[in-house]
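**Q** Predicted coordinates and the sequence they were generated for:
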Amino acid sequence: MRSLRGGIIGIILLLVCTVLAGCNFKDIDRRIFVVAIGIDPGKEEGVFKVSLKLAIPQGDVTKIDEKMLILTEESESISEALRRMKSKVEKELDYVHCKTIILGERIAAKDIRHVTDWAVRRRDIQSILNFAVGRPGALEVLQVKPPSERIPSNSLILAMSGQGTESPFISSVYSYQLMRNIYENGIDPILPIIEAQGKEQFLIDKIALLDKSKIKLVFSPNETRLFNLLSRSNLRTNFPAHIGSGMYQYYTESSSSSYRIVTNRDEEPYIRYTIKIRAILEENSTEEMITHHMLKKIGKAGAAELGGAVKALLVKIRDSGMDPLGWGLHYGARHWNNGTEMAEWGRLYPRLNFQVNAQVEVKYSGMIK
Amino acid sequence: MSEQQHTQAVLLEWIRSQLSGFGDLEDKVLTIPAGQVSLLYIKSVTDGQAISRNIIAPFYEMGHPAAYYSYVADYPGSEEVTDGQRALDLLLSGYACIGREGKLCCFDVLRAEASSIKETITESISQGPSDALGESLAVNLNLVRRRYLSSALKMEFTVIGNVSKTKVAILYDESRVNHQVLAELKEKLDSLKLDILQAAGELEKYISSDKLRIFPKTIVTERPDRVVFNLAEGKVAVLLDTTGYAIVLPSIFNDFFTAMDDKIHLPFVGRFLKLLRILGVAMTLWLPALYIAFTSYNPEIVRVQIALLIGGSRATVPYPSFVEVILMMIMMEFLTEASLRLPRAIGPTATTVGGLILGQAATAAGLIGNIMIILVSVVAISNFLVPLNMMSFSIRVLKYFFVIAAAVLGLVGVVICLVGFTLYLCSQRSFGQPYFRMFALDVLGADQRKKSGGQ
Amino acid sequence: MAKNRYFYCLFVMNTLINILNFTPRELIDARFDGAQSSILVAVAVGTLFIYLFTRVIHKFPGQGLPEIFGSALPKLLASPLIFVYAVLWYMAGTLILLSFVDITLRFISPDTGPYAIMFGFLAVVCLCSRIDSLSLLYGLEVTLGITIPLILYTIVKAIINPDFSWDAVLEVMTHSLHAPDLNSIAAATFTFSGYINMAVFNRVFHGLKLKHLWILSLEGFLMLLITFFVPIGYHGTVGIERHVYTWFSTADSIRIEAFLIERMLYVFYFACITLSLVSAIIQWHVGKELLLSLLPSPSGKPKTKLLQELVILVLFASGALALMRLDQYNLNMLGVFLQHIRWYGEMLMIGLLFWCYWVVRGRRE
């Protein structure tokens, strides 16, 4: 008798919870995941053209067969465009897995703050999603579908997160970093540029410098690589060293960079950059054997070459008036006159000089001498 | 003299009347020229050989009833009785009654049809002793005594059950036992009022006060070495006649995850195995619930690649994840139950047919997602990592609470359930001992050892 | 009986849940106006409070606040005081629940209704706050055992992230030379106020003796620094003021590279909600026990006690449901207000306990 009662209670509980579960229970197969959002200016002035790249889960995982869908809608506001797109698909649009927001180049040239604010404010869009500038437009970048891709937009995710390729030309910017650098005094945001090349390939090897709201300057791939060398440690790349007519390439096994802002009263202010690289020789255009002496020479030549290139980049940054490496913040963090330090820095900045102390230590000659 | 004879005759008569209808009652009068004795016993519970060798043969060899009677009365295990009820009880439990000239003596000729010592079935281990407790109390006590050669090991006997008259032995190490626990146990045993007691699990049920309990609070074990191990930890063991299991109490949560070969393994291996078990329990409890939470409420938690994989595997499933999980888990329970009841020869077939073919077909038909099948198998397997059956059954039931919570509130529900159960476990007591604590080891063992070390 | 380590558990619980809501918000609002010096003051004051409190509570082994007040103060004074404290504890627990309903809605299940979540929380909190004090301490210890590794993982992962802006942290450090500010001190001392639950839990402690007080103050200090500086490192000295739940936004900014779960937010959320629920249970337990002591004791009638508890918990729950109408800003104001009241309440309680001790000793002599 008691067990019977228990059974009845169990069944009632089950029924209750099916009823309860019904109201906000939305299975994963009733949702459609937005994996990337692209935002372009619309045809009219002040209108956004929002494109969504949707991932459609597929039943048979053994087949390499990617299904994706791109929706586009124009509206004055992003949210309005998204709402309208809801009625274009049969499933609920879910933004929680959106890993990339691509800003069309024309948006980035005007103002990115509206979009950034929207992305950070929305609760279902994560703070670790990558922001990038799309060239020629965001939609074109979204439409790229590399043949090696199995999950929609996975190639973009992998490329930007560094989990897949570790290209020295790619620098990823998460939305919290963008947000932080937009509002912070003494540092300016950057954004990587993704170029669509046809329908099957993209190219990420440039950085755009922004003055809090819009693109001011675009680095070339080489400058991008040097910038990455300065902004993060252990960049895996190669740099050239020329000795006479011979060209050598060394691969950086580890790299680090640090700087000091020197403001002595009796001389012009300058920033001293110290770059330390441990490297392996990778390429040798001459037929000579590599001796210990030669390794040292390559290191020295490489250091001189690198130092020159870095200095040119730093001067270019200074002349643009922007501060992507956060020197101003660095200056402020080491001065206690909080009221006046930023104004001081503003006066100092155009007069800055640079000293680059590059140390390249080529440790190995590779597998052969 | 005649009066005495008279009482004996009345006594025997009363016994006969009580036992009327006993087809196997043997009622004989042995006669030699020097005199006669009456012999009364029940055939089915007595040992015929013992009777002929120890009772009948000496009577004719000695040739003197008075000497014979004193031989019988002095025989170890014999008892002179004057009370009819007592005599009846003894008769029923395998004694033979011998009456001569007003005196009545009961002679122990019990035939115990007990199976011999078998190997452990439910608590097998890879190394170490494999004797299991048998059905005879005497053998069991022997098994325990042989492993615990200490004068401090005390045994107390009592009888429970108005009809079954089950003999119950309480074992404890006097120098280590917690006397509060002992007193509480005795009190509970004394207050028991039942007719039949046949299994250790039954007794376990009667001495636990909480009717709605989910977790077992006493270990029911078939391993004499576990009994001994626990006796040394200061616990009390209760052994029952006619059942192959012993009850060990007080038992805390941690005890149910200790297998007897933990001690045998190398220290790191032992730790690793214990960690595995805890991990297994966590998996079996949470995986189904988390699956529901991840597929129906919070697909944002897992990374996008996995989310799409789950989505893909569920693409053809026509009902919500909650139904899918319940369906599959019930199916798995059927399998487990069926393979338990099936004859040994068919068992594996049923499991293969059920597990492999059914799972394969269900996914092929699109009724169940692939991932669900993996999950169900993991849940089923990891459930049985728990060395003691009682606990693994509890956990089997418990996971449905988590499933329901997840179906109603998603991840939040799982967390609420987790907090609730943690605190519930902590609020439980097993004979006054905290049932669940962070450092459970220092509950009994350390305190007791400290005490005995000080003595 | 409870060992001394459970006192540390109560303390650690508070230092960990202060990360959630009001403390970082108040401190960060004052990051240019004296939060740093307030932290230092709070560490000193908090340690002093703990020291004084443990000294005086040591004199009342096995007694809770109601027993102590009952023995030393006139009933007319003791009862209203106990009532006020009970309400204070109740509010503290409720506030945690309310914040967590809000956080859950924002970060975890936007689709689930707030009332469904609240009912879930209330069910577990009401059921569990009826458990006896000692078991709650055991439970707290287990919960800490589960959550501390996760929270430590979050913190370590947050700090070793190469994108963590140390310059922003240093920039805020250069704003340290500022007079402390009362709001921030009140918020920061919350880190240290875990000991106050001893008002009821002292019933299961027999002669609490505190060793290594400096560990507590060091732990509290470190937690305050982490609470304050880590979000700044992620969201910048200026951008941080735009975030509502600074620590959850911070956890959302951390990525786990190699695991099933990619976003640290969920690991952190899991740890925090577990801890917060237990903490709310403990607060309500204290509040309930204090209220029970005001009612006539049922003396061996379990039914009456059950009824009393039921009435109290139903009142608690309906109060919590009523307070759900507050919006984000009202909730914050209530939180700040409560931080202040709680701080003054602590001071008053320590003073009263010393007074009680003085009275009791005088009577004994």
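**A** Ah, there it is. Residues are numbered from 1 along each chain as shown, chains lettered A, B, ... in the order given.

**Q** all contacts plus neighbour counts: C-alpha atoms, from now on.
**A** OK.

**Q** For chain B, give me its nearest residue in the stretch 151-300 of chain A.
**A** A:I151 (7.1 Å; C-alpha to the nearest C-alpha).

**Q** Near that residue, how many other residues are there?
**A** For A:I151, the count of nearby residues is 21 (other C-alpha atoms under 10 Å in any protein chain shown).

**Q** And it, how close does it get to B:V37?
**A** Here A:I151 is placed at a distance of 97 Å from B:V37 (C-alpha to C-alpha, to the nearest Å).

**Q** List the backbone torsions phi and psi for the spatially closest residue to B:R429 that is not a sequence neighbour.
**A** Spatial nearest neighbour of B:R429, chain neighbours left out: B:Y435 (5.0 Å); criterion: C-alpha to C-alpha, 6 or more residues apart in numbering or on different chains. Note on B:Y435: backbone dihedrals following degrees, to the nearest 10 are phi -80, psi -40.

**Q** Who are the packing partners of the one helix or strand B:Y60 maps to?
**A** Taking DSSP states H and E as the criterion, B:Y60 maps to helix B:57-62. Contacts defined by 3 or more C-alpha pairs under 8 Å, 6 or more residues apart in numbering or on different chains; DSSP states H and E place helix B:57-62 against helix B:65-74.

**Q** Does the helix it packs on pack against any helices or strands, and if so which?
**A** Packing partners of helix B:65-74 (3+ C-alpha pairs under 8 Å, 6+ apart): strand B:35-42, helix B:57-62, strand B:103-108.

**Q** my guess is C:S293 meets C:P66, correct?
**A** Yes - between C:S293 and C:P66 there is a contact under C-alpha atoms under 8 Å: 6.4 Å.

**Q** For these two, work out which one has more neighbours and name it.
**A** More crowded of C:S293 and C:P66, by other C-alpha under 10 Å: C:P66, with 20 against 17.

**Q** Return the per-residue confidence for the more buried one.
**A** Looking at C:P66, its pLDDT stands at 86.

**Q** roughly how far apart are it and B:K399?
**A** Separation of C:P66 from B:K399 (C-alpha to C-alpha): 41 Å.

**Q** re the thing from before, the residue nearest to B:R429 contacts B:L425, correct?
**A** Yes - shown here, B:Y435 and B:L425 form a contact pair, counting by C-alpha under 8 Å, at 6.6 Å.

**Q** who's more crowded, the two?
**A** Counted by other C-alpha under 10 Å, B:Y435 and B:L425 do not tie: B:Y435 has more neighbours, with 25 against 21.

**Q** For the residue of the stretch 1-150 of chain B found nearest chain C, give me the backbone phi and psi.
**A** Residue nearest to chain C within the stretch 1-150 of chain B: B:E123 (28.6 Å; C-alpha to the nearest C-alpha). Torsion angles at B:E123 (phi, psi; degrees, to the nearest 10) stand at phi -120, psi 60.

**Q** who's in contact with it?
**A** B:T221, B:E222, B:R223, B:P387, B:L388 (C-alpha atoms under 8 Å, 6 or more residues apart in numbering or on different chains).

**Q** okay if I get those residues as a markdown table plus neighbour count, pLDDT and distance to chain C?
**A** A markdown table is the format used below for these (neighbours: other C-alpha atoms under 10 Å in any protein chain shown; pLDDT from 0 to 100; distance: C-alpha to the nearest C-alpha, whole Å):
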| residue | neighbour count | pLDDT | distance to chain C |
| --- | --- | --- | --- |
| B:T221 | 25 | 85 | 28 |
| B:E222 | 23 | 84 | 31 |
| B:R223 | 27 | 85 | 31 |
| B:P387 | 20 | 83 | 23 |
| B:L388 | 19 | 84 | 23 |
